[in-house]
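>>> Sequence plus the predicted model coming up.
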Amino acid sequence: MSLISLLPSLLLVFVPISIAADLLHWGDFAVFVTSAIAIIPLSVWLSTATEKVAVVTGPSIGGLVTAIFGNATELIIALVALKEGLIDLVKASITGTLLSDLLLLLGLAMLAGGLCYKEQQFKPILTRVNGSSMALALVAIALPTLVIDTSNVVDEVAIRNISLVTAGVLILVYGLTLVFSLKTHSFLYDVGLEDEVETESSAADSLPTSRSRLIIWLLVLLASTIAVAFESDLFVAVVDAETTRLGLTPLFTGVILLPLISDFAGFVLVIRLAMKNKMDLTVATATGDSLLVALFVVPVLVFVGQLIHQPIDLDFNLFEVIAIAIAIALTNFITSGGRSNWLDGTMLLATYTILGVAFYYHPA
């Protein structure tokens, strides 16, 4: 077994260490660092358990499980931060996750795959379907911002109502995309999955039954979800004070730092798939994650914010909207031909780096 595959298990030691740092009052910085590291292996186990349950339960139920838990770590951290009133941080984390999925995840995958293979191919229909939905999400996110920037008077009630209606439309569209991908046009989304299912089935032949495997991975899914929620609570309690002390703005923290912590499992997954030349599944994973955030996570945060009296609207920083538009346009352009190489990956990573530097120096 390689060190990379052992790493998630080894890093679990930071879970008790972070608890000790909090209970024994080692200081906010110790809690900040140890809880951040603890979230990384927990997110890997959460992602792994989601994949295993999806394989055992089949495409329909498995697709729903993936839809609900696919970005569970990001959603949990955002919900905890929203509960604490860190609305600017939550908004920035939404932007950051979208940029990370479209530029960093896909860029790393194309670079890693391109170094192993001269050129890789995938079906562009996957990116066209997700790309059109992402364009809708961009319009929805940009509208409240444009209303404010083009109006002389900012009506908070109007912005809240626009955000609520928009969130309702987005979650409805997400439900329709599930029907599209799991029922009416499921054949478009089967590419690349067969090998994963066959490998999983053959590796599990020595286990008692499919039911036993399902129970085991459901328990892992439940335990990792609870653990992520607990560690997120520790992390969010100190993140604002510690990042301010380090000279980081909430904008940079949410856009760059949080996605690097919460989506470590996604980085490992897409690189592994790309190096196996499974680019259909790689591209579907990266673009599908961004779609899940834009059409499901965002509306959930808007509705939950109203319920817990921490209202979050879709009035994003104009620079965030522009950055998301750049990421969507560049991703759609690079993936439109159904071919990729290491230079394509480099272009995506370069764009992410430039945007990251811009967010670091942005005064917001």
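That came in fine, so what should we check first?
>>> which non-adjacent residue is nearest residue 91?
Once flanking residues are discounted, residue 91 sits nearest to residue 316: 5.9 Å by Cβ to Cβ, 6 or more residues apart in numbering. For glycine as for every other residue, the C-beta is placed from the backbone atoms N, C-alpha and C.
>>> Count residues in the vicinity of the residue nearest to residue 265 when sequence neighbours are not counted, would you?
Nearest in space to residue 265, with sequence neighbours left out and distances taken as Cβ to Cβ, 6+ apart, is residue 47 at 3.6 Å. Neighbourhood size, residue 47 [other Cβ atoms under 10 Å]: 25.
>>> Could you pull out the helices in the stretch 251-364 of the chain for me?
258-262, 264-275, 279-292, 298-307, 318-335, 342-361 (DSSP state H, counting those that start in this stretch).
>>> right, so those: which one is the most enclosed?
helix 279-292 (a mean of 26; mean count of other Cβ atoms under 10 Å).
>>> In this structure, where is pLDDT below threshold?
1-5, 58-64, 66-68, 70, 126, 152-154, 185-210, 364 (pLDDT under 70).
>>> Regarding it, what is its longest helix?
Using DSSP state H, we find that the single longest helix of the chain is helix 210-245.
>>> ok, and for it, which residues are buried?
Going by neighbour count (16 or more other Cβ atoms under 10 Å), the buried part of helix 210-245 is 213, 216-218, 220-221, 224-225, 227-240, 242-243.
>>> Now do the same contact list for residue 301.
75, 78, 79, 82, 90, 94, 312 (Cβ atoms under 8 Å, 6 or more residues apart in numbering).
>>> I'd like to know how far it sits from residue 360.
Distance, residue 301 to residue 360, using Cβ to Cβ, to the nearest Å: 24 Å.
>>> ok so, going back, which one of the helices of the stretch 251-364 of the chain lies closest to residue 71?
Judged by Cβ to Cβ, the one of those that comes nearest to residue 71 is helix 279-292, at 5.2 Å.
>>> Please name every helix or strand in contact with that closest one.
helix 87-99, helix 106-116, helix 124-149, helix 156-179, helix 264-275, helix 318-335 (3 or more Cβ pairs under 8 Å, 6 or more residues apart in numbering; DSSP states H and E).
>>> And residue 218, how close does it get to residue 12?
19 Å.
>>> any idea how far residue 257 is from residue 251?
Distance from residue 257 to residue 251, by Cβ to Cβ: 11 Å.
>>> er, residue 316 actually
Noted for residue 316: a distance of 10 Å to residue 251, by Cβ to Cβ.
>>> and if you look at residue 155?
Residue 155 is 24 Å from residue 251, by Cβ to Cβ.
>>> the more surrounded of those two?
Between residue 155 and residue 251, residue 251 has the larger neighbour count (other Cβ under 10 Å), namely 22 against 12.
>>> where's the more buried one relative to residue 129, distance?
Residue 251 is 31 Å from residue 129, by Cβ to Cβ.
>>> likewise residue 301?
Counting by Cβ to Cβ - residue 301 and residue 129 are separated by 24 Å.
>>> quick one: contacts for the closest residue to residue 130 other than its chain neighbours?
Distances taken as Cβ to Cβ, 6+ apart put residue 287 closest to residue 130, at 4.1 Å, once the chain neighbours are dropped. By Cβ under 8 Å, 6+ apart, residue 287 lies in contact with 101, 102, 106, 126, 127, 130, 131, 134, 331, 335.
>>> In PyMOL, how would I select just the buried ones from those residues?
To isolate the buried members of the contacts of residue 287 in PyMOL, using 16+ other Cβ under 10 Å:
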select buried, resi 101+102+106+126+127+130+131+134+331+335
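>>> would you turn the contacts of residue 287 into JSON lines with distance to residue 178?
Output for the contacts of residue 287, formatted as JSON lines (distance: Cβ to Cβ, whole Å):
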{"residue": "101", "distance to residue 178": "18"}
{"residue": "102", "distance to residue 178": "21"}
{"residue": "106", "distance to residue 178": "22"}
{"residue": "126", "distance to residue 178": "15"}
{"residue": "127", "distance to residue 178": "18"}
{"residue": "130", "distance to residue 178": "13"}
{"residue": "131", "distance to residue 178": "17"}
{"residue": "134", "distance to residue 178": "16"}
{"residue": "331", "distance to residue 178": "22"}
{"residue": "335", "distance to residue 178": "22"}
